[in-house]
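[1] Show me how the following folds:
(2 chains)
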Amino acid sequence: MSHEVMGYNAAMGLALVEEMRRDDSIFIIGQGVATGGWFGAEKGLASEFGTDRVIDCGISEAFEAGLAAGAAIAGMKPVVNMGFGDFALIAGDEIYHKLAKWRYMHGLDVPMTAVIIFPIGAMGGAGPEHSSCTEVLGMHFPGLKVVVPATAEDAKGLMKAALREPNPVLFHSVQGLGWSKGEVPLDPEFIVPIGKAITRRAGKTLTIITYGSMVSRSLAAADQLADEGIDCEVIDLRSLVPLDWDHVLESVSRTHRAMVVHEAMTTAGPGAEIAARIQERIFFDLEAPVLRLGARDFPLAQQADLEAMAIPSVEAIIAKALELARI
Amino acid sequence: MSSLTSDMIDTMFYRMAMARAIERLMLRHTRENRFSGWWHPGEGQEGAPVGATAALRHDDYLWYQGRGSAWALGKGMQPGPILGDLLGKMTGATRGKGGGVPHWADYRIGVMGEGATLGSVYPLAGGSALASKIRKDGRVSLANFGDGTASRGTFHETLVHAAAWKLPLIYFCENNGLLVGTRLGDVCPTTDIADFAAGYHIPGVSVDGQDAVAVYEVTREAVARARAGLGPTLIEAKVVRRRGHYAGDPQPYRTDSEFADYRDPLELLAARVSGNKAARLIDEAGRAVQTAYEEALRAPSPDESVIGRDLYHVA
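    Reported below is the predicted structural model:
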């Protein structure tokens, strides 16, 4: 059997199991990982690999991230499950200085494998300190790689790539997709390369550039827009650092219209960089300004109705695409 | 009775003399307005780093933060890459990225580097210590810090786990009682950092940091404990910051009377060097440093290709 239907978090877990079997320098640390993890990705790891390599930690994110930097410099391959992307801010010095800059400032051209798992985004009322999309931070501090898988298949393939990557990777798993299922290749050499986008839907009218939780909503919007004669191309970036600019620019130079959709907040979100770059690079190929659709600039509310209002819906994507098509 | 051989004492003394020669050189270099950074003098504090590193194996991990250059020299780095970095030259340890805040590293001899955000190496040292525990490689990790940074949250976060997991980790505090110009007692309930050890159920040892041999002895014990799987030790070396926070600091917050009982660590160790060898070693160290300085002055500055180097490793 070459594929199996499994959940997004389970697919991440499968990647961990496969890589931990082939490389004994990989260990995982986080709150509750030895007991199976909060979201199930670490289920069964401790019984197979023991608590020397599957390590429960106290509530101390700065320690976990700094420990990852130190262990990686010392030649191990640490995986930290930070529990929530929001906690990047608790461990700011350790992630954006130490993991990102240690080799640069010490002049060391050496491998440094470390994977920081940041579950991001709304999950139905987790509140403003447990729902943030913090992936843009990784784009602003050179030295890190940044991925956001949108499918179970990519959750496995990108985790495999991250564990074989000689640079620190901020691995943003989408909380809302944790239990969503998909076909996942069982081939232990299946890898989704970091830095490669994928076209999820080909189209001619306009390009929707998206990633993470907004991929499925953008595809749903594209299906409905097709009924109105608007043929959307949908690109799933999969990686934000490095970002697959060639893939994006090739598409937009064909469709001449582009919009960026993400769950992260609009102001100074990843879409700001993407829109700016498209206009700098291929301004004369464009027939309309590059539009952005992200979360409204409010802390994401714990009250579930308010939470839903802040995040782009399928309807909002349709409205934005219609606006773009008519400019 | 010390376990140090006379050869070991000579090596320690020579390294300390190089550190002192670099202090003198950097003050002169700064006074001549030739320095494009901030030198944080370590004069008076050379004994603790040299004593501590003498108790480490060449492959033990050192994460430092200290003033001056004695930690790197103590672990076996040479003055060439040290001065090359201070002058921002390609011959520096960082190959062209150096400046006033040292980032000397040499993984071959366990010099893992410095965190420039003060008090930031605790979790990194915890990481290398955990790596050693998992690999069972027998290495010890030493996290060096100052009294001011014992207030950091990661001091606690790291030590609480290291103590629970019995990691081969040594917390080594150089307590000079000053946070730039603030007195430790004004911001901390105790001026004895070793007191904190009790809460972690680990040994806390206070030692005269001016006496390199005394520092060596307590570090040796901590290293033995760590290698034996007995967990961390908190060492506090009481030291004297002889100069300002940075070269040129007018120090309005200090008086000369503070130095009435000052004991120079170099002189204290000189008394243990056999015969009249001390003067010869000081002379040799001075010449080695001067030669390295002249080479650094002549060495090329980085070109634009250096700015993007060492950001991402390509397998």
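[2] count of residues packed around A:V241?
    A:V241 has 22 neighbours, counted by other C-beta atoms under 10 Å in any protein chain shown. C-betas here are computed from N, CA, C, even on glycine.
[3] how near is the residue nearest to it when sequence neighbours are not counted to chain B?
    The shortest distance from A:V241 to any non-neighbouring residue, by C-beta to C-beta, 6 or more residues apart in numbering or on different chains, is to A:V146 (4.0 Å). Distance check for A:V146 against chain B: by C-beta to the nearest C-beta, to the nearest Å, it reads 12 Å.
[4] what's the answer for A:P299, then?
    Counting by C-beta to the nearest C-beta - A:P299 and chain B are separated by 24 Å.
[5] can you give me the strands in the stretch 51-200 of chain A?
    Ranges of strands within the stretch 51-200 of chain A are A:54-56, A:77-81, A:114-120, A:145-147, A:168-174, A:181-185, A:198-201, based on DSSP state E, counting those that start in this stretch.
[6] that older thread, where does the residue nearest to A:V241 land on pLDDT?
    Looking at A:V146, its pLDDT reads 98.
[7] and what of A:M1?
    Per-residue pLDDT puts A:M1 at 64.
[8] what are the phi and psi values for B:A237?
    Listed backbone geometry of B:A237 is phi -100, psi 120, with angles given as degrees, to the nearest 10.
[9] Let me see the contact set for it.
    When contacts are counted by C-beta atoms under 8 Å, 6 or more residues apart in numbering or on different chains, B:A237 touches B:47-48, B:51-52, B:172-175, B:207-209, B:215.
[10] Tell me what it is bridged to.
    Taking DSSP bridges as the rule, B:A237 bridges to B:E174, B:V207.
[11] coming back round to it: distance of the residue nearest to A:V241 relative to A:R200?
    From A:V146 across to A:R200, the span is 19 Å (C-beta to C-beta, to the nearest Å).
[12] residue ranges with poor pLDDT in the stretch 51-200 of chain A?
    Applying pLDDT under 70 to the stretch 51-200 of chain A picks out no residues at all.
[13] what's the answer for chain B, then?
    Applying pLDDT under 70 to chain B picks out residues B:1.
[14] Closest to the centroid, which residue in it?
    B:W71 (3.2 Å; C-alpha atoms, centre = their mean).
[15] how about the strands of chain B, start to end?
    For chain B, the strands defined by DSSP state E cover B:61-64, B:111-114, B:141-146, B:169-175, B:178-179, B:182-183, B:204-208, B:233-238.
[16] Can you give the distance from the first one to the centre of its chain?
    On the basis of C-alpha atoms, centre = their mean, to the nearest Å, strand B:61-64 is displaced by 8 Å from the centre of the chain it belongs to.
[17] for the residue nearest to A:V241, which residues make a bridge with it?
    According to DSSP bridges, beta-bridge pairing links A:V146 with A:L170, A:V241.
[18] residues touching it, list them.
    Residues in contact with A:V146 (C-beta under 8 Å, 6+ apart) are A:135, A:138-139, A:169-170, A:172, A:239-241.
[19] try 6 Å this time
    For A:V146, the contacting residues are A:135, A:138, A:170, A:240-241, by C-beta atoms under 6 Å, 6 or more residues apart in numbering or on different chains.
[20] Also A:K204?
    Contacts for A:K204 (C-beta under 6 Å, 6+ apart) come out as A:D231.
[21] average pLDDT for stretch A:280-297?
    Computed over stretch A:280-297, the mean pLDDT rounds to 98.
[22] And it, what's buried?
    Neighbour-count burial for stretch A:280-297, counted by 16 or more other C-beta atoms under 10 Å in any protein chain shown, picks out A:282, A:286, A:290-295.
[23] end-to-end on it?
    Its start and end residues considered, stretch A:280-297 measures 25 Å (C-alpha to C-alpha, to the nearest Å).
[24] same deal with stretch B:89-99?
    Taking C-alpha to C-alpha, stretch B:89-99 runs 9 Å from one end to the other.
[25] now swap in stretch A:200-210 and tell me
    Chord length of stretch A:200-210, first to last residue, is 10 Å (C-alpha to C-alpha).
[26] Show me how far it is from its chain's centre.
    With C-alpha atoms, centre = their mean as the basis, stretch A:200-210 stands 19 Å off its chain's centre.
[27] Would you mind writing the CA trace of the helix or strand containing A:E18 as CSV?
    Assessed by DSSP states H and E, A:E18 sits inside helix A:8-22. The C-alpha trace of helix A:8-22 is given here as CSV (Å, rounded to 0.1, in the frame of the first residue of the first chain):
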residue,chain,number,x,y,z
TYR,A,8,-2.6,16.1,9.6
ASN,A,9,-1.1,15.8,13.1
ALA,A,10,-0.8,12.0,12.7
ALA,A,11,1.1,12.6,9.4
MET,A,12,3.5,14.9,11.2
GLY,A,13,3.9,12.1,13.8
LEU,A,14,4.6,9.5,11.1
ALA,A,15,7.4,11.7,9.8
LEU,A,16,8.9,12.0,13.2
VAL,A,17,8.8,8.2,13.8
GLU,A,18,10.4,7.5,10.4
GLU,A,19,13.1,10.0,10.9
MET,A,20,13.8,9.0,14.5
ARG,A,21,14.3,5.4,13.3
ARG,A,22,16.9,6.4,10.8
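[28] Please work out which residues outside that helix touch it.
    Contacts of helix A:8-22 (C-beta under 6 Å, 6+ apart): A:26, A:39-41, A:49, A:152, A:155-156, A:159-160, A:163, A:177-178, A:180, A:184, A:188.
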